[in-house]
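Student: Here is a sequence together with a model predicted from it:
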Amino acid sequence: MFKLAMWIMLCMLILLVVGSLAVTVDGPSCEGRVLAAPLPTPVSGSPPFSSYKGVSIGMSMDEVREKLGKPKEPSDAIDYYAPSDHEFIQVYYEAETVTAITVTFSGKLDAAPDAKTVFGENAEVKPDGGIFKMVRYPKAGFWISYNKITGDDPMIMIAIKKI
């Protein structure tokens, strides 16, 4: 169980870093260059999925702990929750304020929201059944990514991060 939790934390950290690398490149000198990360689609509306279990970007650490209870592994930077054997939540803080939320469903995925619930529209499904979609919501002040990995140990990872 500990190995799985560490693997999940590493995957979510990678998702957060990749999302932070998305940059806008302008000008003729950039034509033909490959960017380090895909640029997310800018969206002006509000996202249908902006919180998880009542926790959202900008909340205080005290409010989060009131909503989710005592973390399995608390710290000033990250709280780790494991509501079940198949669901893991990480809440990231800066100055005791939520800056990112990651939710991972592993193995049994029936409790996981689908991409349509998260984005309000379906996402492209790869031939292997996997999904990756990331959308920026500038007016809301955050981006959301959805990653579904299929196979023997399927996994869905959802990340919400402050822009």
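Tutor: Cool, got the structure.
Student: for stretch 127-140, the distance to its chain's centre please.
Tutor: What separates the centre of stretch 127-140 from the centre of its chain is 10 Å, taken as C-alpha atoms, centre = their mean, to the nearest Å.
Student: What is the end-to-end distance of that stretch?
Tutor: Length of stretch 127-140, first residue to last, C-alpha to C-alpha, to the nearest Å: 32 Å.
Student: what about it, average pLDDT?
Tutor: Average pLDDT, stretch 127-140: 95.
Student: Flag every buried residue along that stretch.
Tutor: 131, 132, 133, 134, 135, 136, 137, 140 (16 or more other C-beta atoms under 10 Å). Every C-beta, even on glycine, is put in place using the N, C-alpha and C of the backbone.
Student: now do stretch 55-63
Tutor: For stretch 55-63, burial by neighbour count (16+ other C-beta under 10 Å) applies to 55, 56, 57, 59, 61, 63.
Student: tell me how far the lengthiest strand in the chain is from the chain's mean position?
Tutor: Scanning the chain for the longest strand, with DSSP state E as the assignment, gives strand 97-106. Strand 97-106 sits 6 Å away from the centroid of its parent chain (C-alpha atoms, centre = their mean).
Student: and it, what other elements does it pack with?
Tutor: When contacts are defined as 3 or more C-beta pairs under 8 Å, 6 or more residues apart in numbering; DSSP states H and E, strand 97-106 sits against helix 2-21, strand 51-52, strand 55-56, helix 61-68, strand 87-94, strand 155-162.
Student: Wait, a strand at residue 144?
Tutor: Yes - judged by DSSP: H, G, I helix; E, B strand; the rest coil, residue 144 forms part of a strand.
Student: Do you know the pLDDT at it?
Tutor: Residue 144 carries a pLDDT value of 96.
Student: and residue 108, what does it touch?
Tutor: Residues counted as contacts of residue 108 (C-beta atoms under 8 Å, 6 or more residues apart in numbering) are residue 86.
Student: Compute the distance between it and residue 58, please.
Tutor: Distance, residue 108 to residue 58, by C-beta to C-beta, to the nearest Å: 31 Å.
Student: now do residue 105
Tutor: As judged by C-beta to C-beta, residue 105 and residue 58 stand 24 Å apart.
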